[in-house]
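Asks: I would like to see how this sequence folds:
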Amino acid sequence: MSRSRSARKSGKPLYPSFCANRTTVDSLVVGLATVTMATGYGVTADPGVGAGFLPLVGGLGMILGGAMWAIQLIRAPRTSTPQPELEPATSAAVAFLSSDNEEDGDEAELPDRAGWIRIGVVVAAIAGAALVLPTLGYTLSMALMLAVVLTFVGKRTPLVAVGVAVATTFATRLVFDVWLGTALPASSIPLLADWGL
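Replies: Prediction:
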């Protein structure tokens, strides 16, 4: 008896569904292409990482995910139970997307006064951080920007906002400056520059 007949009699198909296999292969191929292109950009540079470092990490993540999915598909129990019939989608996302095609003339709502104030605070904080970055350096300008946004937009107490802003700023400085070796802007004020800010 051939292998396919014995598989049919036991109720176990030889291969998982085509769609799952196709997605796994696509993930592996796109990940491999991303890794290949990333190495062309240069993964390392003199002051730290090169332009290809983050695409390389993303491509390796796609390859790892595709490989894990392939292993999961291979190890999955195979049965010949019929696939359940899918009912028409009635989720909120489908309803939202289908309503986009209707021509009922609904206008998008603009933010209220409080919304415009929050938008203004975020834009002003980003612009202010960009303006003071050459003078105060990365650490202080980012900590100030985050503290302002967390206080006025996130409605956090000033103590919590400053604590989160300082912790986040030092964490990003640790990642970029120490681990990745990428120089972040230092303060042009000699006293602050001496402190490493």
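
Asks: only C-alpha atoms for contact and neighbour calcs from this point on.
Replies: OK.

Asks: longest single helix anywhere in this structure?
Replies: Under DSSP state H, the helix in the chain containing the largest number of residues is helix 113-152.

Asks: quick one: the closest residue to residue 41 other than its chain neighbours and residue 182, what's the gap?
Replies: Closest residue in space to residue 41, ignoring its immediate chain neighbours: residue 52 at 4.8 Å, by CA to CA, 6 or more residues apart in numbering. Counting by CA to CA, to the nearest Å, the gap from residue 52 to residue 182 is 14 Å.

Asks: Settle it for me: which of the two has more neighbours?
Replies: Per other CA atoms under 10 Å, whichever of residue 52 and residue 182 has more neighbours is residue 52, with 20 against 17.

Asks: quick one: the more buried one from residue 141, how far?
Replies: Taken as CA to CA, the span from residue 52 to residue 141 is 28 Å.

Asks: With residue 172 instead?
Replies: On the measure of CA to CA, residue 172 and residue 141 end up 13 Å apart.

Asks: More neighbours: which of these two?
Replies: Shown here are residue 172 and residue 141; by other CA under 10 Å, residue 141 has more neighbours (24 against 14).

Asks: Would you point out the helix or strand in the protein whose mean pLDDT is lowest?
Replies: helix 3-10 (a mean of 46; mean pLDDT, DSSP states H and E).

Asks: How far away from the center of its chain is the helix or strand just after that helix?
Replies: Sequence order places helix 18-41 as the next helix or strand after helix 3-10, per DSSP states H and E. Computed by CA atoms, centre = their mean, to the nearest Å, the separation of helix 18-41 from the middle of its chain amounts to 18 Å.
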